[in-house]
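Engineer: Here is a sequence with its predicted model. Questions after.
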Amino acid sequence: MRPIRLTLLAAAGLLGLTVPPAQGQFAAGRRVPGTPGTSAPVNRNDPVAFTADEVQYDRENGVVTATGNVEAWQNDHVLRADKITFDRNTNITAATGHVVVVEPDGQVLFSNYAELAEGMREGVLRGMQALLAQNGKLIANGARRTEGKVNEMSRAIYTTCNLCQKDPSKPPFWQIRARTAVQDQEAKRIEYRDAVLDIYGVPVAYFPYMWHADPSVKRESGFLIPSFGEAKHIGEFLTLPYYWVLDDNSDATFTPTFNSQNVLNLDSQYRRRFNDGTLSVNLGLGYDRGQPQGDIFAKGRFALDDTWRYGFDLERATSATYLNDYRVQNRNDILTSNVYLEGFGTGTYTRLNATAYQGLVSSINQSKLPYVLPRYEYSFVGEPDALGGRFSLDSTSFNVLRNVGTDTQRVGAILQWQRPFDGALGEKYNLTVRTDLAGYTATSLDQNPNYYTRDSTETARAQPNVALDMHWPFLREGWGTQVIEPIVQLVAGPNTGSLLKQRIPNEDSLDLEFTDQNLFSINKYPGIDREEGGLRANVGLHMNWTDNGFSVDNLVGQSYRQRNDNFIVGSGLEHPVSDVVTRTTVTPASWLDLTARTRLDRRDLSLRFADVVGSTGWDKFRINAGYLYSNVNPYYLYDQSSIPTTYFQHRNEVTVGFNTSYEQYRLSAYARRDVNLNKMTSAGVHAIYENECFIFDANVSRRYTSLNGDTGATLVLFQITFKTVGQFGFHAF
C-alpha cells in the first residue's frame, strides 16, 4: 500500500502531541525566561500531520492505528515508530517498535514501547535511551515523564563515551550507574541516587547522591569538583570551589582553600559581559606565613564606538611569597597596573595611558620603580604624495615619577618621509628623511637610572638624519634558486655629542641589544633618549638558497661610524667599527628548522652574543632546543652610578625539550640549565590522555632558582576530567 499522509486540523488531542508554552531558551548556556528559544509556544489547535504505510480507523471504539514507518509531528515535536495507536477516548498515544521521540531542543529519546499523553508531557517509556548534547547518553530500564519537565528513571546509566565498534557489549571507558535517576529538564540537571562510577566496567567510587548539569547547559551554579594535595608552605590542603551563575551575562567562582598551616585562603573571581565590553576581577584573601595576605587581578575592556575603546589592568599583591605559596597563575616578578584610552582611524592611532609597577622579589627596589602618569602616543601615516613619498609621524610624550630616582617629563616626536624607487640595474632604493624632536624637564638626575652630577635639567634638542638604502639582488636559477643581495645604508646627520654631558635623561633607551634586527635602523636604540649621529654606514650581505622545500637564508653585516658617542661598553657599538652580526636560518626539510643569531668581536670574531633556537622531528615527535649567550648582562647596568662588575657576568643558558603525540596521548618535557653556574634552572614533564569523554592531565615541574629566600619548589599536579560531569584534581608543590 502506498504511504498515506493525513493532516488533522482540529484533532490535536488525537495524537497527544501538544506541549505547554515555551519555558525559555539558552543564552550563553543559561535559560532566559520569557524569550523565544528552542521550544516555541505550541497551540493545541495547530495541525498535526503524520505519514504511514497503512492507516486503520475503528470508529466504534475511537481508535486510529497507523503502521509501517509512522512519523507524526506537530510544530517541532516528532514521533516515529513502527506502529502508533491513537485512542481518542483516553487521549493516549501508544507507540511500539523502534520508537523515536525528537524534542524541540534537539534531545532524542529511543524506546521499545511508549505511552504518551497531554502532548507528550505525560508518559511512560520502556527501555529508554536518550541522546543528549555533547555526546551525552542516558539509558534506563524504564522512564516516567511528568508535565514534560521531569523524567524519572530506574536503573539508569549515563556516559559520554562511545561504545567499542568491534564489540558494543563491552562497557564504555566510564559510566555512572544509579538505582534511580531524575532528568529535570526545567532545572537542566540530572540527579542520581545510589550511584556508582565505573571505569571500564570496574566500580571505583560510590555516591549516595550526586548530580550534574544537563550536557546542554554550559553554565550552571553549584559546587565544582574539589582538589587536594600537599604544599611546602601551606601543608595539606583541600579546595572546594563553588560556581555561581548570577545572570546571563555574569558569574562568579569562590574557591576556599583549607590548609593545615594557615587555616583558610579564599580566592574569588567575578566575570561580566556588557554590551560594550567585558570585566573580570580576581580577588584573593588569606593568611600566609603568619601574616594576612591578599592579591587582586582585574581586567576591563570596553568600546565607546567603532573608533574609541578604553580599559584597565589592575595587578597588586601583598607579597611574592603569597602568590607563590598558593600558586596564583598571574605571578610575575613585576606586576603592572594601567588604565588607557585608545582610538583608531584611517592611518592614525592614538593612546593615552597611565601605568604603575609593583616589584615582588627582593632584587627589585620598589621605591625605584617608576609611575608613568601619563604616557601619550600618536601615530600617523599619510597617503603617497605627488613625489611618490609617504609622510609619517610618531609622537610619544610621558611623565615619569619615582619615589627614589629621576622624575622626567618629555615631549617627543619622530617626523619621517620615505620615497622608494628603482635603479636602472635592478637596484632597490629607499630615501628617508627623518627628524627626532624631544624636549625635557627632569629632576633628581643624580639618582637612578641616570646618576648625573647635576640635579635637574630643562633642555630640548633635534636630531635630523638623511638615509639612503640600497638593495641589489642577484638571482640565479639552477639547483634551485640562489639570491645574493648586497645591502648598503648611508646615513648622515649632525653629531649628537655626548648626551650624558648634555644631561639628557634616559627613559626609553635603557635596553640595547645590537643584532641583525636593528643593523639597518637609523637609530639603533629602541627610543629617542639616546641617538646616533654623524656620518655612518651600515652594510650587509644577504644570501638565500631555496630548492624543493630546502632553504638556507643568511645575513651578515657591520656598522661603521664617524663617531661613537653614547654607546655603552659591551654593546658591540662602542667603537667606530662595530661588532659583526649574523643571522642564519636553515630549513633543509620539514623535519628540521634552525635559526641562529650571533654577534662576533670585530677584531678576532670571538663570540659576544648568541641566540640559537631550533627543532627537529615530525608532527608525532619533535625535539626543540635553545641556547643563549651574552658577554654582558644589562639588567644590572642602571642600578648604580658606575658600571658594576655584575654587568660583565656572562649569561649562558641551554634549554632542551620535546613533545610527542600518538593517537589520544600527548607528552612533553623540558629542561633549562645555567651553564655558567653549572646548575639546573628548571625542568618539567607534562602528559595528557584525552578521548571523547575523558581527560587525564599530569604535570610535574621543578624550579631550582631561589625566590625571596625560597631555594626552589616542586609542583605535582594532575586533573581527571569526566566530560560534562566535572574534574577531579590533585596537586602538591
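Structural biologist: Looks like it arrived, so ask away.

Engineer: what residue ranges in the chain are flagged as low confidence?
Structural biologist: 1-48, 74-75, 119-120, 327-332, 707-710, 726-733 (pLDDT under 70).

Engineer: longest helix anywhere in it?
Structural biologist: Longest helix in the chain, counting residues (DSSP state H): helix 320-325.

Engineer: Would you tell me what the next helix or strand after it is?
Structural biologist: Counting by DSSP states H and E, the next helix or strand C-terminal to helix 320-325 is strand 334-345.

Engineer: Identify the residues contacting that following strand?
Structural biologist: 307-317, 349-360, 364, 369 (C-beta atoms under 8 Å, 6 or more residues apart in numbering). Where C-beta positions appear, they are placed from N, C-alpha and C, glycine not excepted.

Engineer: Which element is encountered next along the chain beyond it?
Structural biologist: Criterion used, DSSP H and E; the element after strand 334-345 is strand 348-359.

Engineer: Now do the buried residues in the helix or strand just after that next one.
Structural biologist: Next along the chain after strand 348-359, taking DSSP H and E as the criterion, comes strand 371-381. Neighbour counts over strand 371-381 (16 or more other C-beta atoms under 10 Å) mark 371-372, 374-375, 377-378, 380 as buried.

Engineer: since we're on residue 299, how many residues are nearby?
Structural biologist: By other C-beta atoms under 10 Å, the residues close to residue 299 number 15.

Engineer: contacts for the helix or strand harbouring it?
Structural biologist: In the assignment (DSSP H and E), residue 299 maps to strand 291-303. Contacts of strand 291-303 with the rest of the structure, by C-beta under 8 Å, 6+ apart, involve 274, 276-287, 309-319, 322-323, 328, 330.

Engineer: If we use 7 Å, what do you get?
Structural biologist: The contact list for strand 291-303 (C-beta atoms under 7 Å, 6 or more residues apart in numbering) reads 276-287, 309-319, 322-323, 328, 330.

Engineer: In ChimeraX, how would I select just the buried ones from these?
Structural biologist: Buried residues within those, by 16+ other C-beta under 10 Å, are selected in ChimeraX with:
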select :279,281,282,284,286,287,309,310,311,312,313,314,315,317,318,319,322,323,328
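
Engineer: Tell me what angle the strand holding residue 299 forms with strand 334-345.
Structural biologist: Strand 291-303 runs at 10 degrees relative to strand 334-345, counting by axes from the mean of the first three to the mean of the last three C-alpha atoms, to 10 degrees.

Engineer: How far does strand 291-303 sit from its chain's centre?
Structural biologist: The chain centre lies 18 Å from the centre of strand 291-303; the measure is C-alpha atoms, centre = their mean, to the nearest Å.

Engineer: helices or strands next to the next helix or strand after it in the packing?
Structural biologist: As assigned by DSSP H and E, the chain's next helix or strand after strand 291-303 is strand 308-317. Applying 3 or more C-beta pairs under 7 Å, 6 or more residues apart in numbering; DSSP states H and E, one finds that strand 308-317 contacts strand 291-303, strand 334-345.

Engineer: closest to residue 236 out of these?
Structural biologist: strand 291-303 (19.0 Å; C-beta to C-beta).

Engineer: Can you list the buried residues in the closest one?
Structural biologist: For strand 291-303, a neighbour-count test (16+ other C-beta under 10 Å) marks 293-295, 297-298, 300, 302 as buried.

Engineer: Show me which of the residues you listed is closest to residue 690.
Structural biologist: residue 297 (29.0 Å).

Engineer: and the closest one, bridged to which residues?
Structural biologist: residue 282, residue 315 (DSSP bridges).

Engineer: What's the separation between it and residue 259?
Structural biologist: Taking C-beta to C-beta, to the nearest Å as the measure, residue 297 and residue 259 are separated by 21 Å.

Engineer: can you map out the strands along the stretch 451-600 of the chain?
Structural biologist: 457-471, 474-477, 481-492, 536-547, 550-561, 580-589, 592-600 (DSSP state E, counting those that start in this stretch).

Engineer: what's the answer for the stretch 51-200 of the chain, then?
Structural biologist: So, for the stretch 51-200 of the chain - with DSSP E, counting those that start in this stretch - the strands run 54-58, 63-74, 77-87, 92-102, 108-117, 122-131, 137-146, 150-159, 174-184, 189-199.

Engineer: Just put the ones you listed in CSV and tack on distance to residue 485.
Structural biologist: Shown next, in CSV, are those (distance: least, C-beta to C-beta, whole Å):
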stretch, distance to residue 485
strand 54-58, 83
strand 63-74, 71
strand 77-87, 68
strand 92-102, 66
strand 108-117, 64
strand 122-131, 62
strand 137-146, 63
strand 150-159, 62
strand 174-184, 61
strand 189-199, 62
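
Engineer: could you dump those strands to CSV with mean neighbour count and distance to residue 499?
Structural biologist: Shown next, in CSV, are those (neighbours: other C-beta atoms under 10 Å; distance: least, C-beta to C-beta, whole Å):
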stretch, mean neighbour count, distance to residue 499
strand 54-58, 14, 97
strand 63-74, 20, 82
strand 77-87, 21, 80
strand 92-102, 20, 77
strand 108-117, 20, 75
strand 122-131, 20, 73
strand 137-146, 20, 73
strand 150-159, 20, 71
strand 174-184, 20, 68
strand 189-199, 18, 69
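
Engineer: between those, which gets nearest to residue 412?
Structural biologist: strand 189-199 (60.4 Å).

Engineer: Please find the angle between the direction vectors of that closest one and strand 150-159.
Structural biologist: 20 degrees.

Engineer: follow-up on the earlier one: any idea which of the strands of the stretch 451-600 of the chain gets closest to residue 224?
Structural biologist: strand 592-600 (41.5 Å).

Engineer: other SSEs contacting that closest one?
Structural biologist: Helices and strands touching strand 592-600, by 3+ C-beta pairs under 7 Å, 6+ apart, are strand 580-589, strand 607-617.

Engineer: at 10 Å instead, please
Structural biologist: strand 550-561, strand 580-589, strand 607-617, strand 621-630 (3 or more C-beta pairs under 10 Å, 6 or more residues apart in numbering; DSSP states H and E).

Engineer: Stretch 78-93: how far from the chain's middle?
Structural biologist: On C-alpha atoms, centre = their mean, the centre of stretch 78-93 falls 53 Å from the chain's centre.

Engineer: likewise stretch 702-715?
Structural biologist: Mean-position distance between stretch 702-715 and its chain equals 26 Å (C-alpha atoms, centre = their mean).

Engineer: what's the first-to-last distance across it?
Structural biologist: This stretch, stretch 702-715, spans 6 Å end to end (C-alpha to C-alpha, to the nearest Å).

Engineer: try stretch 55-70
Structural biologist: Stretch 55-70 end-to-end distance (C-alpha to C-alpha) = 10 Å.

Engineer: from the middle of its chain, how far away would that stretch be?
Structural biologist: Worked out by C-alpha atoms, centre = their mean, stretch 55-70 lies 60 Å from the chain centre.
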